[in-house]
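> Sequence isn't available, so here's the structure alone:
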């Protein structure tokens, strides 16, 4: 599949624009799909997690709530903003296959952080939420547990992202922050993608977000449907 300009659209999240690059990308994903059979919509994200980390174990570490693949694809098709916690995650989100604004939270909330002593990432999430930025957005946290915790508080208080991708990494608060996201997502019907354990990170979060873009492209090209991505039977 090519665009009018002749550049490859498929696997846009992998950056493939030539025949050789496409061959490598497709072979890589074929090998991943041998590890993670594509039986459910969520398997797309399990496969992407394995591909992004090079670790087959990640297929067993992913957790999902409220049909996040369908919700994410629909948000991409509706050109909802993609809001990341830090610059590294933003840099990893593909610029192709969508017309969504991609922005980062970090850099906001400096006054709030100074006044309260909370982390800059938590303060930035709270400031953007105060402006309504997270409602109906694709909210992505790939690095900062405190950003995930702040986002969970916002959801509990009424904010409704279209979908949350939360994979903060680390030994302090990371596991707890992802658990908190799962709890509020389940309680308030918010689609969410998280993982268990200490691992995670910016590359994983960006890769999972890019798979939502890829799913939207598949819907746009009639290769699947939102109903199928919701797990509905024809």
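Arrived safely. Quick caveat, the model's predicted, so the values are computed rather than measured. Numbering: from 1, shown residues only.

> quick one, longest helix in the protein?
helix 202-220 (DSSP state H).

> That one - contacts with which helices or strands?
Helix 202-220 sits against helix 41-53, helix 68-77, strand 82-84, helix 87-92, strand 138-141, strand 163-166, helix 226-229, with contacts defined as 3 or more C-beta pairs under 8 Å, 6 or more residues apart in numbering; DSSP states H and E. Every residue, glycine included, has its C-beta placed from N, CA and C.

> List the buried residues for that helix?
Within helix 202-220, the residues scored as buried using 16 or more other C-beta atoms under 10 Å are 202-219.

> Over to stretch 158-178?
159, 161-169, 174-175, 177-178.

> Go through those residues and name the one nearest residue 62.
Nearest to residue 62, judged by C-beta to C-beta, of the buried residues of stretch 158-178 is residue 167 at 9.1 Å.

> separation between the residue minimising distance to the centre of the chain and residue 111?
For the chain, residue 209 is the residue whose C-alpha lies nearest the centre (C-alpha atoms, centre = their mean; 3.2 Å). Relative to residue 111, residue 209 is positioned 29 Å away (criterion: C-beta to C-beta, to the nearest Å).

> Packing partners of the helix or strand of the chain with the lowest mean pLDDT?
The weakest-scoring helix or strand in the chain, judged by mean pLDDT, DSSP states H and E, is helix 19-35 (a mean of 79). Secondary-structure packing of helix 19-35 (3+ C-beta pairs under 8 Å, 6+ apart): helix 41-53.

> Now name the helix or strand holding the residue lying farthest from the centre of the chain.
Ranked by distance from the centre of the chain (C-alpha atoms, centre = their mean), the top residue is residue 115, with 30.8 Å. Element membership of residue 115, judged by DSSP states H and E, is helix 110-116.
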